[in-house]
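A.B. asks: give me a model of this one.
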Amino acid sequence: MGKHKGGGNVLGHPRASGPKSPDETELSPGLYVTATPIGNARDITLRALEVLNGCDGIAAEDTRVTAKLLAIHGIEKPLSPYNDHNGERERPRLLARLKDGARIALVSDAGTPLVSDPGYKLVRAALAENIRVHAIPGPSAALAALILSGLPSDRFLFTGFLSSKTGERRSGLEDLKTQSATLIFFESGPRLADTLADMAEILGDRTAAVTREITKLFEESRRGSLHELFAHYAKADVPKGEITLVVQGATQIALDFAKLDTLLDQALAFMPVRAAADLISAALDHPRKPIYERALQRKASDE
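C.D. replies: Numbers count the residues shown, from 1 in each chain. Here you go, the predicted model:
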C-alpha cells in the first residue's frame, strides 16, 4: 500500500476500548477495507473501532504504524504486514484465512486503503473467490486537500503520484492538459518544486494549492498560481511530511467557429472527418470532441 495517505504519526486520544454496547453485533466473515486517520487519531470512526476490535486479525501496510494507532485506542489484535514488498507472498495466505471464515481488516498507514497502494489486488482476489468485502469509509488525504484548496469539487480527478522521471512526469501532465476536472496529485517534498515547474509550463499558470500534514499540528495549505507556488518552494526548505497537490482543471476556451469552419473545409476536402478533427484539434490545442462534432456538421451540409 502506498506511503501517502496524508500522514504518519498520530496524535493522542483517550482509549476507546471497553464492553460492547447491546446493539453491537459480531462481525460476519470477510475482508474489511478500513480507513484510518491521516494524522489526528481522533478522526477514526466508531465503525472502524468496532471492526478493529472485532476482527480476527489486521493486515497492515506497516505493522509498527498500525500498532501505535491500536495502542492509542486500547486495541490488541494480531498484525501481519501486507504491502508492495510482500503482497505476492502474503495474498494467498490471507485468502486462505478468509476462505476459512476469518474476519480480516485491511489498513494502510493512514487514510483509505486502495488509494495509491496494492490493496485493490487483495480485494480483486477476494471477490474472485466469492469472499465478502466490506468498505469501512473514513479519512482521505485527497478529499481533505480538495476541501482545503477552495477549487471546484463537483468534478475531480485523482491521479496519485506522477512519475519521478522527468520525461515521464511531463508526458503524464501533457495527457492531463485538457482535463476540465480539478486535478489531485500526491507528491514528495524533494520533488515538489520540479513538479510545480513542469505543471506551470505544461498546464499553464492555473490556480493550485499545496497541502501537507493535514489534521496534524503543523498543517499547512498554501494557495496561489502554479508560478507563485513554484517560486516559493524553489527558495524554501524542502517541505516535510506527505504532500497533496490540487490544481485547477482546464478552462474551456471558446472556439472561433469562423476560423474553425475555414480550417475544416480545407481539411475535409482531402481527408476523412476523423483525421481532419485530429489534425485541427492538435493545431488549435483544443479538445477534439467539439471539433469532431463540428466536422460532422460541415460534412453533412456538403452532401
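A.B. asks: flag every buried residue along the helix or strand of the chain with the lowest mean pLDDT.
C.D. replies: Ranked by mean pLDDT, DSSP states H and E, the weakest helix or strand in the chain is helix 288-302, scoring a mean of 84. Residues of helix 288-302 classed as buried: R288, I291, Y292, R294, A295, R298 (neighbour count, 16 or more other CB atoms under 10 Å). Backbone N, C-alpha and C define where each C-beta goes, glycine included.
A.B. asks: please apply the same query to stretch 239-250.
C.D. replies: For stretch 239-250, the neighbour count (16+ other CB under 10 Å) marks P239, G241, E242, I243, T244, L245, V246, V247, Q248, G249, A250 as buried.
A.B. asks: which stretches of the chain form helices?
C.D. replies: Taking DSSP state H as the criterion, the chain carries its helices at 46-54, 63-72, 87-99, 119-128, 141-149, 166-176, 189-203, 226-235, 257-268, 273-284, 288-302.
A.B. asks: please name whichever of those is nearest to G111.
C.D. replies: Between G111 and the helices of the chain, the shortest gap by CB to CB is with helix 141-149, which sits at 5.2 Å.
A.B. asks: which elements pack onto the closest one?
C.D. replies: With contacts defined as 3 or more CB pairs under 8 Å, 6 or more residues apart in numbering; DSSP states H and E, helix 141-149 has these neighbours: strand 182-187, strand 207-212, strand 220-225, strand 243-247.
A.B. asks: per the record, what domains does the protein have?
C.D. replies: 30-139, 142-247, 257-302 (automatic domain parsing).
A.B. asks: hang on, the earlier thing: for V210, find the nearest of the helices of the chain.
C.D. replies: Going by CB to CB, the one of those nearest V210 is helix 226-235, 5.9 Å.
A.B. asks: and the angle from the closest one to strand 207-212?
C.D. replies: Put simply, helix 226-235 runs at 30 degrees to strand 207-212, going by axes from the mean of the first three to the mean of the last three CA atoms, to 10 degrees.
A.B. asks: export helix 226-235 to CSV, keeping only CA atoms.
C.D. replies: C-alpha atoms of helix 226-235 as CSV (Å, rounded to 0.1, in the frame of the first residue of the first chain):
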residue,chain,number,x,y,z
LEU,A,226,1.4,27.4,-10.2
HIS,A,227,4.2,30.0,-10.9
GLU,A,228,3.8,31.6,-7.5
LEU,A,229,3.9,28.2,-5.7
PHE,A,230,7.0,27.2,-7.7
ALA,A,231,8.7,30.5,-6.8
HIS,A,232,8.0,29.9,-3.1
TYR,A,233,9.1,26.2,-2.9
ALA,A,234,12.1,26.7,-5.2
LYS,A,235,13.6,29.0,-2.5
